[in-house]
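Asker: Based on what follows, work out the 3D shape:
(2 chains)
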Amino acid sequence: MAEFNRGNRPLSPHLQVYRPQITSVTSILTRVTGNALIVAVILIVWWFLAAAKGPEAFARADWVLTSWFGDLVLTLSLWALWYHTLAGLRHLLWDTGRGLELKTAEALGWAVIGGSAVLTLLTVLVV
Amino acid sequence: MRYLTDRKRALGLGAAKSGTEDHWILIVTGVALAGLIPAFVLVFGRTLGGSHEEVVATFSRPFPALVALLTLWVGLYHFRKGAQTAIDDYTRGIRRTILLIAMICVSYTAMAAGLYAVIRIAM
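Answerer: Next up is the predicted model:
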């Protein structure tokens, strides 16, 4: 049967036909945050390169990263980083076959959302 | 004449034809990053906002330099593998090929630039 459908299989997942649930939303956010972090990584790599080059280049990069726009991007990225880290730990737990019951999985979803918010606030306040 | 049975040839390969290697790499780098990320957030967060001399002094020390090196290295490798799963899931054909090549080039360029910069500062 598979021979008849080679190369023309449906793409996954069909987001628009499902009602949003905490498990699906947290899963989608894992992917979104992971991919979006490349923006902060490129900014930070630029900052390191500028620091390696000299004081003048560093002043330019540092000005961007510590401007209100840089603050906004880095703070959002900080949340994305903590979110993706916690969601990743959740995946490591799931990979062992644990925590897959619906109740537990939903509780873990809320834990990832709450935990990432707390860690972001803590980081902004303490570090 | 084939010496392997069909089952034996397919075993462990899965639909992607390359086994579960990508998933395994994401697990390994993910565990490593679980330790590296808090360290990097502390080191980078404390250094950001400092003067050029302070930044250079910080990353001239072994621990901050190693944390930055490993985080950029492992982190961008993790991105390269993770972004591939997203592109594989949502795109097909020439669009997938172009996106994969672009993503892989961006990943390794950022990785090389980051490692070069940190080593330059540390030396």
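Asker: what about the closest residue to B:Thr91 other than its chain neighbours, neighbour count?
Answerer: Of all residues not flanking B:Thr91 in the chain, B:Leu99 sits nearest, at 5.9 Å (Cβ to Cβ, 6 or more residues apart in numbering or on different chains). Any C-beta I mention is one placed from the backbone N, CA and C, and that applies to glycine too. As a burial measure, B:Leu99 scores 17 neighbours (other Cβ atoms under 10 Å in any protein chain shown).
Asker: tell me the pLDDT at B:Leu99?
Answerer: Reading off the confidence values, B:Leu99 has pLDDT 96.
Asker: That one sits in which helix or strand?
Answerer: Element membership for B:Leu99 (DSSP states H and E) is helix B:93-122.
Asker: The residue nearest the centre of chain A: which element?
Answerer: Residue closest to the average C-alpha location in chain A (Cα atoms, centre = their mean): A:Thr33, at 2.4 Å. Using DSSP H and E, A:Thr33 falls within helix A:22-53.
Asker: does that helix come close to chain B?
Answerer: Yes - contact of helix A:22-53 with chain B (Cβ under 8 Å from any Cβ of the partner chain) involves A:31, A:34-35, A:37-38, A:41-42, A:44-45, A:47-49, A:51-52.
Asker: in the following helix or strand past that helix, what counts as buried?
Answerer: Toward the C-terminal end, the helix or strand that comes next after helix A:22-53 (DSSP H and E) is helix A:55-66. Buried residues in helix A:55-66, defined by neighbour count with 16 or more other Cβ atoms under 10 Å in any protein chain shown: A:57-58, A:61-62, A:65.
Asker: got the CA positions of helix A:55-66 in CSV?
Answerer: Only the C-alpha atoms of helix A:55-66 are listed here, as CSV (Å, rounded to 0.1, in the frame of the first residue of the first chain):
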residue,chain,number,x,y,z
PRO,A,55,37.3,48.6,22.5
GLU,A,56,35.7,50.5,19.6
ALA,A,57,33.9,47.5,18.0
PHE,A,58,32.9,46.4,21.5
ALA,A,59,31.4,49.7,22.3
ARG,A,60,29.1,49.5,19.2
ALA,A,61,27.9,45.9,19.9
ASP,A,62,27.6,46.5,23.6
TRP,A,63,25.5,49.6,22.9
VAL,A,64,23.0,47.5,20.9
LEU,A,65,22.8,44.7,23.4
THR,A,66,22.3,47.0,26.4
